[in-house]
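predicted model and sequence below, questions to follow.
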Amino acid sequence: MKALTVVPGKAGSLAARDVAEPTAGDGSVLVETLAVGVCGTDMEIVSGLYGWAPPGREWLTIGHESLGRVADAPAGSGFVAGDAVVGIVRRPDPVPCSNCAAGEWDFCRNGQYVEHGIKERDGYCSEYYRIEPEYLVKVDPALGTLGVLLEPASVVAKGWEQVMRTGSRAVFEPKIACVTGAGPIGLLAALIGVQMGLEVHVIDQVTGGLKPKLVEDLGAHYHTGEVSQACDHPDVVIECTGVGSLVFDAMEHMAPGGVLCLTGVSSGGRSIDVDAGLLNRSMVLENEVVVGSVNANRRHYEAGAKALAAAGRDWLSGLVTRRVPMDRFADAFERKPDDVKVVIEVGGA
């Protein structure tokens, strides 16, 4: 069968490779891959900047944002042939650490976890894969190909969980949320904020085109510029860009008791002038919190699945701006100005 692979650390190594069919030892559920989403992490892996191959091998099958259809599953697994499913990305470490042992592998303490399509475990961009049922999540079949949005939705579902858990240290009744970045993560974060009944403001660089329309169609407010210009002291900021200046702007202009959740990863190498003393004073005296959030565990996938099922299909369709057939996979990794989410179509509908 065909799989999309790279040699981690080697730019220009992206290739469609003939690989062996999955064996029963890989998992009891056989899944036909329908689609795989492309994100910034995939771009870094393809560019040779990130990623680890499975032990004893030089290449890695990529693809961690997946949508598949169950081809075969054993009785009692909770799955039947035809189910629309998404594979969970991270696996707990083998020790396991205290968090992995409790099913909180997104909080792994020793770094020995593995991740499909990223770190030491093949991803989902192959015609078929096998998986254990505990790492598989059902998605509403009515979503069709849009079910591929579940992995990014799980990331922001976790982010919102972290916000609400942190805020619950006191009375926390957020009314205004600000989301920085109108990529897939930012837009899905805005979706969940709107579903929670919040007044949502989204900040991005572009002044026209699809992103402002997607935000407006969601019932949120679109802005360019900084947090202080977009809304007055938001109770919640979901930061999805990794841009240092926006991070510090958000820290400076949150409401008292506000929570800033960082989901974007900064590239580093840039210096920013910050009045650290003033920032410290503000955060201490106003009980503000900054929390980082990455990856997701099973309950976050399930929460993301509920958010997608409740969303308008036309709006979700606007997030998937390009669908690229597997035989033209290279096109999926060429950024275009209007791209939001690019999806590689692997199998049949």
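Sure thing, it's come through.

please count neighbours and contacts with C-alpha atoms only from this point.
Fine.

so where is the chain shaky, pLDDT-wise?
266-276, 278, 349 (pLDDT under 70).

again, only using 90
208-209, 225-226, 228-229, 232, 242-252, 264-288, 337-338, 347-349 (pLDDT under 90).

what helices or strands is the longest strand along it leaning on?
In terms of residue count, the longest strand belonging to the chain (DSSP state E) is strand 29-38. Secondary-structure packing of strand 29-38 (3 or more CA pairs under 8 Å, 6 or more residues apart in numbering; DSSP states H and E): strand 65-72, strand 128-131, strand 341-345.

how is the chain carved up into domains?
2-138+318-345, 154-292 (automatic domain parsing).

in what helix or strand does the residue positioned nearest the centre of the chain lie?
In the chain, the residue lying closest to the centroid (CA atoms, centre = their mean) is residue 152, at 2.7 Å. Under the criterion of DSSP states H and E, residue 152 resides in helix 150-167.

who touches that helix?
Helix 150-167 has contacts (CA atoms under 8 Å, 6 or more residues apart in numbering) with 64-66, 86, 88-89, 139, 172, 184-185, 188-189, 192, 236, 238, 257-261, 263, 289, 291, 293-296, 300-305, 307-308.

circling back to that earlier point, now the helices and strands packed on strand 29-38 as JSON lines including distance to residue 204?
Below are the helices and strands packed on strand 29-38 laid out as JSON lines (distance: least, CA to CA, whole Å):
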{"stretch": "strand 65-72", "distance to residue 204": "23"}
{"stretch": "strand 128-131", "distance to residue 204": "37"}
{"stretch": "strand 341-345", "distance to residue 204": "16"}
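
want to throw those strands into JSON lines with distance to residue 163 and mean neighbour count?
Output for the helices and strands packed on strand 29-38, formatted as JSON lines (distance: least, CA to CA, whole Å; neighbours: other CA atoms under 10 Å):
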{"stretch": "strand 65-72", "distance to residue 163": "24", "mean neighbour count": "25"}
{"stretch": "strand 128-131", "distance to residue 163": "31", "mean neighbour count": "22"}
{"stretch": "strand 341-345", "distance to residue 163": "25", "mean neighbour count": "24"}
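
out of these, which comes closest to residue 247?
Among the helices and strands packed on strand 29-38, the nearest to residue 247 by CA to CA is strand 341-345 (23.7 Å).

what's the angle from that closest one to strand 65-72?
30 degrees (axes from the mean of the first three to the mean of the last three CA atoms, to 10 degrees).

name the residues of the helix holding residue 152 that come out as buried.
Of all the residues in helix 150-167, those buried under the rule 16 or more other CA atoms under 10 Å are 150-160, 162-164, 166-167.

do stretch 171-186 as well
Applying a neighbour-count criterion of 16+ other CA under 10 Å, one finds 172, 174, 176-186 buried in stretch 171-186.

now for the host helix or strand of residue 248, which elements pack on it?
Secondary structure assignment for residue 248, by DSSP H and E: helix 244-253. For helix 244-253, the packing partners by 3+ CA pairs under 8 Å, 6+ apart come out as helix 227-230, strand 236-239, strand 259-262, helix 276-285.

could I get these as CSV with distance to residue 113 and mean neighbour count?
Shown next, in CSV, are these (distance: least, CA to CA, whole Å; neighbours: other CA under 10 Å):
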stretch, distance to residue 113, mean neighbour count
helix 227-230, 35, 18
strand 236-239, 25, 28
strand 259-262, 21, 25
helix 276-285, 33, 13
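
possible to save those as a markdown table with distance to residue 203?
Shown next, in a markdown table, are these (distance: least, CA to CA, whole Å):
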| stretch | distance to residue 203 |
| --- | --- |
| helix 227-230 | 7 |
| strand 236-239 | 10 |
| strand 259-262 | 15 |
| helix 276-285 | 22 |
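
quick one, which of the ones you listed gets closest to residue 5.
strand 259-262 (30.0 Å).

okay, and the beta partners of the residue lying closest to residue 331 once chain neighbours are set aside?
Spatially, and ignoring its direct neighbours in sequence, residue 331 is nearest to residue 324 (7.0 Å; CA to CA, 6 or more residues apart in numbering). Beta bridges link residue 324 to residue 344, judged by DSSP bridges.

what's the local residue count around residue 324?
18 (other CA atoms under 10 Å).

please begin residue numbering at 49 from this point
Happy to do that; since the first residue is 49 now, the last one works out to residue 372.

you'd agree it is up against residue 391?
Yes: Residue 372 lies in contact with residue 391 (CA atoms under 8 Å); the separation is 6.1 Å.

anything in contact with each of these two?
With CA under 8 Å, 6+ apart as the test, residue 372 and residue 391 both reach residue 380.
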